[in-house]
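Student: Sequence first, predicted coordinates after that:
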2 protein chains.
Amino acid sequence: MIVSERMYGLGSARSAIRELFEYGKKRAAEVGAENIYDYSIGNPAVPSPDSVNETIVELLRTEPSVQVHGYTSAQGDADARQAIAEDLNRRFGTHFHKDNFYITCGAAAALTISLGALVVPECDEVIAIAPFFAEYAVFAGNAGAKFLMVPPDTKNFQIDMEALADMIGPKTRAVMINSPNNPTGAVYSEETIKRLAALLTEKSREFGHAIVILSDEPYRELVYDGLKVPFITKYYPNTIVCYSYSKSLSLPGERIGYVLVPDEMEDHDRVYAAVCGAGRSLGFVCAPSLMQKVVGKVTGQTSDISWYDNNRRILASGLKEIGYEFGEPQGAFYLFLKALEDDTEAFCERAKSFDLLLVSGVSFGCPGWVRLAYCVPTEMIKKSLPVFKKLYDSYK
Amino acid sequence: MIVSERMYGLGSARSAIRELFEYGKKRAAEVGAENIYDYSIGNPAVPSPDSVNETIVELLRTEPSVQVHGYTSAQGDADARQAIAEDLNRRFGTHFHKDNFYITCGAAAALTISLGALVVPECDEVIAIAPFFAEYAVFAGNAGAKFLMVPPDTKNFQIDMEALADMIGPKTRAVMINSPNNPTGAVYSEETIKRLAALLTEKSREFGHAIVILSDEPYRELVYDGLKVPFITKYYPNTIVCYSYSKSLSLPGERIGYVLVPDEMEDHDRVYAAVCGAGRSLGFVCAPSLMQKVVGKVTGQTSDISWYDNNRRILASGLKEIGYEFGEPQGAFYLFLKALEDDTEAFCERAKSFDLLLVSGVSFGCPGWVRLAYCVPTEMIKKSLPVFKKLYDSYK
């Protein structure tokens, strides 16, 4: 049977993260779950706010079945889109309205749809800033874009602007950013965003076409110490925001998010129409209707973020005391640790021999570093610290 | 701003059906909804069985939030897949198991994923049998396939096998079928399926590669008069089934369905892996988790189909009495009517002047015919019959 080689390759390649997770489950069965320190998976461990399930039950009680489970328009339920706009306007001083939004099956769909809308296949280039979520390369490939990667700034985990400037050329269609960042937990500062906006404005002029920022923001609300995440459309008009409620409302399985195309964007109507066309072409029809109505009612609320914050403090202070180096964990629920040897995979293997499951930075485009997802039970973190000490000492 | 011309075209092209539906709403505001006979939209009008909402509430009550709303594996919840397999085995005497299924965001996603898995872009051809759901061409285009169409058999609305045989060539990757059919309401007979299987077996041998049947089955359970819908995998092993619960459970907005790759299929593991890869590439991640668990509990149940059946009888006997010709409405909730003049659009326009909203068969690849969606209030059908009489008489 002839199949698409690209799709076969994507379907049969094992995900390193998923493999590590499966190993953890197997090992837990052998030695007990309490003796495994599994930092592999970025799965929200805090329940959704009660309002989510309460809203579901209320919608089922009050709305006719054919309405609550019926098709919405392809762009999404109009009331939900308006509620999302008003919540952002209230929190970020923006001026959005419902027709800036296209509700999607999560951020992954928002990205494939936006890339599909923007990219001229087999011609355009898309640039991501390492380290980045590995699926970006897959999604860019789906749209037929050539995928380029700016090497990581391992000093501050901001953006190496000079490297980015060198990489932008006449075929550059979009630059993908992700802040708060997976896997580093860094948040791009206002200065970083301003410098990025200035660079892209200059380069857009130089090459005679708008270069778009594709801002992937599933962790927007997961920030600590009162830090503010700059809202990108306020700094650079040619920005498409891809959002998901997976992390903020702990709804990763429900696949609900949106594409935001601001009015300020050049040829807004053309871009928005292309977003609608890409959603249609990829087979999305509409985002899940019940969940659209739910997020319309609870948008702006979050799960209990303080729980992640507490984990973050315990983990960061413990690792620091031992002597580890890591990026400052400002947001999301990741801590990015410097490996204790040059061979990242070997470091992960040695950690694994101590039952510490860490994800190599290689697949994120950042060798020499490893990701810890601290959306785990707090007890596990506390118990793991003496084990991290043993791992550290084993390199002395 | 440069955007993808294909996606812009798809997003800005107006859907004739949607436009007619909007016209109907506008006209209803002018003359009263009771004076508009809107047969335009194939939206289930019967509520979901009570078990759907009861199961949702029960799941929310008994399962932890992070579990019920959490990621499932990309293939879908294992228990739900096993339940789907067992239900089909019970009803159709098949021998499926959970690893034959990949749960999707509805049938549209099942089709784009299956086409993505099978098609070698810019090389392969996909054939559909007219009349067909117009989005097939869009979905085939998304996978990079050339889309060909077998002219309609307007005598019986089965398959013109000779025309299909002539069309199959070395580049044919798949033949898309849809029974019960949108827009005709016809069901392919067992004889049709046997002849199709024999033809594709012969052609697969002739061209040295398997030609796949892609069977789109959202209306599988909507059949009347005790008619049996042949289960295609039992007649032709190289079949991929694309299913949706949109119609059987009246859940069109929830986007829940599946791809079924039977064990009997040549290189089953390769095809299934390519399906997983295509889902990943297109940005699906997993199907909505709560709804996966719901269909796992209620699969095999249906909304009250007798309601559609009653509408069908009243409409068919009324139109027959007036003198209209139409295909035998055996399934789905569509009746396909012969236009009373050669110019299909002109016929639709004249019907519209009587406030009868009918969809031209042109976009389904079948000019000279129009579609009536009878998933509407029964009263509307009764009141519309004298108006159909007036339309008929206007052609005397």
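Tutor: Everything's here; your move. Numbers count the residues shown, from 1 in each chain, chains lettered A, B, ... in the order given.

Student: For stretch A:330-348, which residues meet the burial criterion?
Tutor: A:330-337, A:339-340, A:344, A:347-348 (16 or more other C-beta atoms under 10 Å in any protein chain shown). Heads up, the C-betas are built off the backbone N, CA and C, glycines and all.

Student: Repeat that for stretch A:122-137.
Tutor: Applying 16+ other C-beta under 10 Å to stretch A:122-137 flags A:124-137 as buried.

Student: Stretch A:72-90 too?
Tutor: A:72, A:74-77, A:80-85, A:87-88.

Student: ok, now which ones touch A:P152?
Tutor: A:129-131, A:160, A:365-366 (C-beta atoms under 8 Å, 6 or more residues apart in numbering or on different chains).

Student: just to revisit the earlier point, which one of the buried residues of stretch A:330-348 is nearest to A:V285?
Tutor: A:A332 (30.6 Å; C-beta to C-beta).

Student: Residue numbers of the stretch 51-200 of chain A in contact with chain B?
Tutor: Applying C-beta under 8 Å from any C-beta of the partner chain, we find that the stretch 51-200 of chain A lies next to chain B at A:52-53, A:56-57, A:60, A:64-66, A:68-72, A:105-106, A:108-113, A:116-121, A:135, A:138-139, A:141-143, A:173.

Student: Filter these down to just the ones in strands.
Tutor: A:R173 (DSSP state E).

Student: List buried residues within the residues of the stretch 51-200 of chain A next to chain B.
Tutor: A:52-53, A:56, A:60, A:65-66, A:68-72, A:105-106, A:108-113, A:116-120, A:135, A:138-139, A:141-143, A:173.

Student: for the stretch 251-396 of chain A, what spans make up the helices?
Tutor: For the stretch 251-396 of chain A, the helices defined by DSSP state H, counting those that start in this stretch cover A:268-282, A:289-298, A:305-322, A:344-353, A:378-393.

Student: Turn the ones you listed into JSON lines, including distance to A:L20 and mean pLDDT.
Tutor: Shown next, in JSON lines, are the helices of the stretch 251-396 of chain A (distance: least, C-beta to C-beta, whole Å; pLDDT from 0 to 100):
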{"stretch": "helix A:268-282", "distance to A:L20": "30", "mean pLDDT": "97"}
{"stretch": "helix A:289-298", "distance to A:L20": "30", "mean pLDDT": "98"}
{"stretch": "helix A:305-322", "distance to A:L20": "18", "mean pLDDT": "97"}
{"stretch": "helix A:344-353", "distance to A:L20": "8", "mean pLDDT": "97"}
{"stretch": "helix A:378-393", "distance to A:L20": "15", "mean pLDDT": "97"}
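
Student: And these: which comes nearest B:A373?
Tutor: helix A:289-298 (19.4 Å).

Student: Please name every helix or strand in contact with the closest one.
Tutor: Contacts defined by 3 or more C-beta pairs under 8 Å, 6 or more residues apart in numbering or on different chains; DSSP states H and E place helix A:289-298 against helix A:50-62, helix A:65-68, helix A:78-92, helix B:289-298.

Student: Which residue, neighbours along the chain excluded, lies closest to A:E328?
Tutor: A:A186 (6.8 Å; C-beta to C-beta, 6 or more residues apart in numbering or on different chains).

Student: host element of that neighbour?
Tutor: If you go by DSSP states H and E, A:A186 is not part of any helix or strand.

Student: circling back: among the buried residues of stretch A:330-348, which ones lie close to chain B?
Tutor: Within the buried residues of stretch A:330-348, nothing lies near chain B by C-beta under 8 Å from any C-beta.

Student: Tell me the one of the residues you listed nearest A:D393?
Tutor: For the buried residues of stretch A:330-348, the nearest to A:D393 is A:L340 (10.3 Å; C-beta to C-beta).

Student: Which of the helices and strands in chain A ranks last by mean pLDDT?
Tutor: Every helix and strand of chain A was ranked by mean pLDDT, DSSP states H and E. The lowest is helix A:16-31, at a mean of 84.

Student: farthest pair in the buried residues of stretch A:122-137?
Tutor: Counting by C-beta to C-beta, the most remote pair of the buried residues of stretch A:122-137 is A:D124 and A:P131, 22.9 Å apart.

Student: ok, now which ones touch A:F147?
Tutor: Contacts of A:F147 by C-beta under 8 Å, 6+ apart are A:125-126, A:128, A:136-137, A:140-141.

Student: rewinding a little: quick one: which of the buried residues of stretch A:330-348 is nearest to chain B?
Tutor: Using C-beta to the nearest C-beta, A:F333 comes nearest to chain B of those, at 13.3 Å.

Student: List the residues that contact the closest one.
Tutor: Contacts of A:F333 (C-beta under 8 Å, 6+ apart): A:42, A:44, A:185, A:219, A:222, A:247, A:308, A:311-312, A:373-375.

Student: ok, now A:S73?
Tutor: A:C286.

Student: Could you look up the SS state of the most centrally placed residue in chain A?
Tutor: With distances taken as C-alpha atoms, centre = their mean, A:P218 lies nearest the centre of chain A, 4.8 Å away. Three-state assignment for A:P218 (DSSP: H, G, I helix; E, B strand; the rest coil): coil.

Student: My guess is it contacts A:A107. True?
Tutor: Yes: if you go by C-beta atoms under 8 Å, A:P218 and A:A107 touch, sitting 4.8 Å apart.

Student: Now do the shared contacts for the two.
Tutor: Contacts common to A:P218 and A:A107, judged by C-beta under 8 Å, 6+ apart, are A:243-244, A:246, A:257.
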